[in-house]
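> I'd like to go over a predicted model; first the sequence, then the structure.
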Amino acid sequence: MEKINIQTFRQRLKSYKRSPLSLLLFLLVTISAIITVSALFFLIAYILVKGVPHLTPELFSWTYNSENVSMLPSIINTILMTLLSLLIAAPLGIFAAIYLVEYAKRGNKIVKVIRVTAETLSGIPSIVYGLFGMLFFVVTLHWNYSILSGACTLAIMILPLIMRTTEEALKSVPDIYREGSFGLGAGRLRTVFRIVLPSAVPGILAGVILAIGRIVGETAALIFTAGTAPTVPESLFDSARTLSVHMYNLSQEGLYVDQAYATAVVLLIVVIAINSLSNFVAKKIAKG
């Protein structure tokens, strides 16, 4: 094994001598990777160092007040907001992608317009979605500042992401799978749900994981739609704050900066836990 690695390294050196541009590109890629990884580890270490010492039992009290500034209601609200947003956006995005890939005619101009529109919507700042959600859900529909208004706004925000990633995952499934299913007498609907979708599940879940990360870390859109009430909502029309909004409010007030860092640690743990769980489920489904 070591001999093979040495031979490979020598071959690379010879190729770099022949092409200095390749050596330059290799160095640029390596330096970029080192800088990226270093910045990531620095941010994580900084958050842990500043936040872990301030994690106290009072921060996990059931009731929020000005003394304990508990984050437990915000943790529950974050989970509720994530589930509700995915419940709305995931089926719509996945079924829309299925139609675009499996049912719409290839080369259709309307399909091209939909794809360009989805990519454009993916780049719109979240504050714009927040203003739209406030004007439509909060004011026009009279839902007021509520977890439902926030979830619908986030669903619209992550819908293009889920749709585009699902579309690419479906495109990556070889056509021979479809042709083999059709050759055995299966219809299009059966082929899509029994053959194509199971093969595309890892790619679809990757898009869902990205959507979860955007939901959990969103602040601007939720301030305008879900509000900042530090309590667990009793209904869908009650105001609630998520962990990111909770952290923003604590840091903005200037009196609870240490608790804001502690909230950042918990938010980091929640994101890692959700992503790990999603990856575990994706691997299980892929093996199955």
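Ah, there it is.

> how about the helices in the stretch 1-150 of the chain?
2-18, 20-51, 72-98, 109-122, 126-133, 147-171 (DSSP state H, counting those that start in this stretch).

> The stretch 151-288 of the chain too?
175-183, 188-191, 197-217, 220-225, 243-253, 257-287.

> looking at the ones you listed, which is closest to T63?
When the helices of the stretch 151-288 of the chain are compared for distance to T63 using Cβ to Cβ, the nearest one is helix 243-253, at 14.2 Å. Yep, even glycine has a C-beta here, placed from its N, CA and C like the rest.

> which of the residues in that closest one are buried?
Taking 16 or more other Cβ atoms under 10 Å as the neighbour-count basis, helix 243-253 is seen to contain the buried residues L243, S244, V245, H246, M247, Y248, N249, L250, S251.

> when you compare where it runs with where helix 147-171 runs, what's the angle?
130 degrees (axes from the mean of the first three to the mean of the last three Cα atoms, to 10 degrees).

> E58 contacts M71, correct?
No. Between E58 and M71 no contact is recorded; they are 10.0 Å apart, counting by Cβ atoms under 8 Å.

> Neighbour count for these two, which is higher?
A count of neighbours by other Cβ atoms under 10 Å puts M71 above the other of E58 and M71, at 27 against 12.

> where does the more buried one land on pLDDT?
The pLDDT attached to M71 in the predicted structure is 90.

> Quick one: residues contacting it.
L59, F60, L243, H246, Q259, A262, T263, V266 (Cβ atoms under 8 Å, 6 or more residues apart in numbering).

> Let me know the closest of those to F280.
Distance to F280 across those (Cβ to Cβ) is lowest for V266, with 20.8 Å.

> thought the closest one was touching L243?
Yes. V266 sits in contact with L243 when judged by Cβ under 8 Å, with a separation of 6.7 Å.

> Quickly list what's touching both of these two.
Shared contacts of V266 and L243, defined by Cβ under 8 Å, 6+ apart, are found at M71, I75.

> so where is the chain shaky, pLDDT-wise?
1-19, 285-288 (pLDDT under 70).

> quick check: domain ranges of it?
Using automatic domain parsing, the domain parsing of the chain gives 2-54, 63-287.

> Format the helices of the stretch 151-288 of the chain as TSV; extra columns: distance to C152.
Written out in TSV, the entries for these read as follows (distance: least, Cβ to Cβ, whole Å):
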stretch	distance to C152
helix 175-183	35
helix 188-191	29
helix 197-217	12
helix 220-225	8
helix 243-253	17
helix 257-287	21
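
> To R188, which of the helices of the stretch 1-150 of the chain lies closest?
Checking the helices of the stretch 1-150 of the chain against R188 by Cβ to Cβ gives helix 72-98 as the closest, at 10.4 Å.

> quick check: angle from the closest one to helix 197-217?
Using the same axes, to 10 degrees, helix 72-98 lies at 140 degrees relative to helix 197-217.

> buried set for helix 72-98?
Going by neighbour count (16+ other Cβ under 10 Å), the buried part of helix 72-98 is 72-78, 80-82, 84-86, 88-90, 93-94, 96-98.

> Could you single out the most deeply buried of the helices of the stretch 1-150 of the chain?
Each of the helices of the stretch 1-150 of the chain was assessed for mean neighbour count using mean count of other Cβ atoms under 10 Å. The highest is helix 147-171, with a mean of 24.

> other SSEs contacting that helix?
Packed against helix 147-171 by the contact rule (3 or more Cβ pairs under 8 Å, 6 or more residues apart in numbering; DSSP states H and E) you find helix 72-98, helix 109-122, helix 126-133, helix 197-217, helix 220-225.
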